[in-house]
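**Q** take this sequence and fold it.
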Amino acid sequence: ERCGRAGVGRRAPWNTTPTVTTPTVLTLLLLVLTHTGCQGIDCFKCVSVNGDNPSCEDPFHNNFTVGLMESPCLAGRKGRGGLFPATACIKLAGIYDDNGQTLIIRECTVDSGSLTLDTELARMSHCGAFVLSGR
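**A** Residues are numbered from 1 along each chain as shown. Below you'll find the model as predicted:
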């Protein structure tokens, strides 16, 4: 007894705060990262030149495209070897200036985290003319 009264200064067993240790928090964080954040995203991957792959063409309908989905989608990273979980899905659509053929490419990419926007495919605007494979 404290101060002459029974139960003062004691907590009932159902009214206690559980103790959370640093190793417990780190283990939970590691489980969350390995089971959710590091798996990457799913993206459609295909190429269609002048309509030769109708499943890849626009308007894009997710019918009959099971073979086009890559899960998880892996891509190269600037300045690194190997493949990494994608951070963005991209679609490149254009018309070849020299012969008028259409081109659609669906792919995934990884933001490499560089400080310059001009070298990151996932972070820059791509409207306008461009050169692809010398064309």
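
**Q** dig out what Ile90 forms beta bridges with.
**A** Glu107 (DSSP bridges).

**Q** could you check how far it is from Arg123?
**A** Counting by Cβ to Cβ, to the nearest Å, the separation of Ile90 from Arg123 is 11 Å. The way it works is simple: take the backbone N, C-alpha and C, and place the C-beta from them, glycine included.

**Q** repeat for Val131
**A** 20 Å.

**Q** okay, the two: which has more neighbours?
**A** Arg123 (16 against 7; other Cβ atoms under 10 Å).

**Q** just the helices in this protein please.
**A** 22-32 (DSSP state H).

**Q** which residue ranges form the strands in it?
**A** 43-44, 46-49, 69-70, 74-75, 84-85, 88-95, 102-109 (DSSP state E).

**Q** which elements pack onto the third one?
**A** Packed against strand 69-70 by the contact rule (3 or more Cβ pairs under 8 Å, 6 or more residues apart in numbering; DSSP states H and E) you find strand 43-44.

**Q** ok, back up a step: nearest to Cys127, of the strands of the chain?
**A** strand 88-95 (10.6 Å; Cβ to Cβ).

**Q** which other helices and strands does that closest one contact?
**A** Counting by 3+ Cβ pairs under 8 Å, 6+ apart, strand 88-95 packs on strand 102-109.

**Q** mean pLDDT and mean neighbour count added to the strands of the chain, as CSV?
**A** Shown next, in CSV, are those (pLDDT from 0 to 100; neighbours: other Cβ atoms under 10 Å):
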stretch, mean pLDDT, mean neighbour count
strand 43-44, 92, 20
strand 46-49, 95, 16
strand 69-70, 91, 16
strand 74-75, 91, 19
strand 84-85, 91, 16
strand 88-95, 90, 15
strand 102-109, 92, 19
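
**Q** mind putting the ones you listed into JSON lines with distance to His61?
**A** Listed next are those as JSON lines, based on distance: least, Cβ to Cβ, whole Å:
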{"stretch": "strand 43-44", "distance to His61": "11"}
{"stretch": "strand 46-49", "distance to His61": "13"}
{"stretch": "strand 69-70", "distance to His61": "13"}
{"stretch": "strand 74-75", "distance to His61": "24"}
{"stretch": "strand 84-85", "distance to His61": "26"}
{"stretch": "strand 88-95", "distance to His61": "14"}
{"stretch": "strand 102-109", "distance to His61": "13"}
